[in-house]
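Colleague: One predicted model, sequence on top.
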Amino acid sequence: MAIDVLLTGFEPFAGAATNESWEAVRGAAPQLREHGLVVAAVELPVEFGRAGDLLAGAVREHHPRLVVAVGLAAGRRGITPERVAINVRDARIPDNAGASPVDEPVVPGGPVGHFTVLPIKAMVAALSEEGVPGSVSQTAGTYVCNDVFYRLQHLLAADTSLTGIRGGFVHVPAAEVIDAVTASRALALLVRVALDTPTDLERAGGTEH
Ligand code: PCA
């Protein structure tokens, strides 16, 4: 059955008891259902390769209109829709299966990067209207979140049976920065903006260095 939205979050990692990304997804899904949307929510393992395999399987099973994968970026000050996934695995800490790849490709022979196809500027604008801190992020890192993001964008770009499915990645910060209730409300808002915005806003979302 084709559904409206597939959301994914991650299990805990690095010794934490919970992962804010899964808390946000768990809270956002029922809010979206209240808006009449058919939503699937999947908790992914923090494992290179296997997380992307499970996400790909869920995309094929559910054939959603929209896929938003969510991860925790503990050091960030707001909610950050990601602009680009890169074809690199470079792990500072082992994943939950003990793997620590260094300078390996996500997809051997794949392009250097894939851009999101979510309207990230419109999403950030919607956060700002709600008073929730957020900005466009120019990198999802080189750990499992980027791995999943790259696999998602590669799948959607390469498999013509999935043409028309839009997808991308959003990082949420630690609960001390944005609490779970606010994060789940914000995520539900971002999903609705993504569904309702076929063409992104033309406004700057760069970073000064
Ligand atoms: N954050 C990690 C992986 C899982 C998660 O929630 C990351 O940013 O790569």
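Modeller: That came in fine, so what should we check first?

Colleague: in the chain, what spans have low per-residue confidence?
Modeller: Within the chain, the stretches falling below the threshold (pLDDT under 70) are 1, 208-209.

Colleague: let's go with 80 and repeat that
Modeller: Within the chain, the segments meeting pLDDT under 80 span 1, 207-209.

Colleague: Can you show me the helices along it?
Modeller: Counting by DSSP state H, the chain has helices at residues 20-34, 50-62, 120-130, 144-158, 180-196.

Colleague: which one of these lies closest to Gly206?
Modeller: For the helices of the chain, proximity to Gly206 was assessed by C-beta to C-beta; helix 120-130 is nearest, at 10.7 Å. To be clear about C-beta, it is placed using only N, CA and C from the backbone, and glycine gets the same treatment.

Colleague: Name the residues of the closest one that come out as buried.
Modeller: Within helix 120-130, the residues scored as buried using 16 or more other C-beta atoms under 10 Å are Ile120, Lys121, Ala122, Met123, Val124, Ala125, Ala126, Leu127.

Colleague: And the closest residue to the last one other than its chain neighbours, how far from Val144?
Modeller: In this case it means Leu127. With C-beta to C-beta, 6 or more residues apart in numbering as the criterion, Leu127 has its nearest non-adjacent residue at 3.6 Å, and that residue is Gly134. Counting by C-beta to C-beta, to the nearest Å, the separation of Gly134 from Val144 is 22 Å.

Colleague: returning to what we had before: which of the helices of the chain is buried the deepest?
Modeller: The highest mean neighbour count among those, using mean count of other C-beta atoms under 10 Å, belongs to helix 144-158: a mean of 24.

Colleague: list the helices and strands it packs on?
Modeller: strand 5-10, helix 50-62, strand 66-72, strand 84-86, strand 113-115, strand 166-172 (3 or more C-beta pairs under 8 Å, 6 or more residues apart in numbering; DSSP states H and E).

Colleague: Could you tell me the angle between it and strand 5-10?
Modeller: With axes from the mean of the first three to the mean of the last three C-alpha atoms, to 10 degrees defining the directions, helix 144-158 sits at 150 degrees from strand 5-10.
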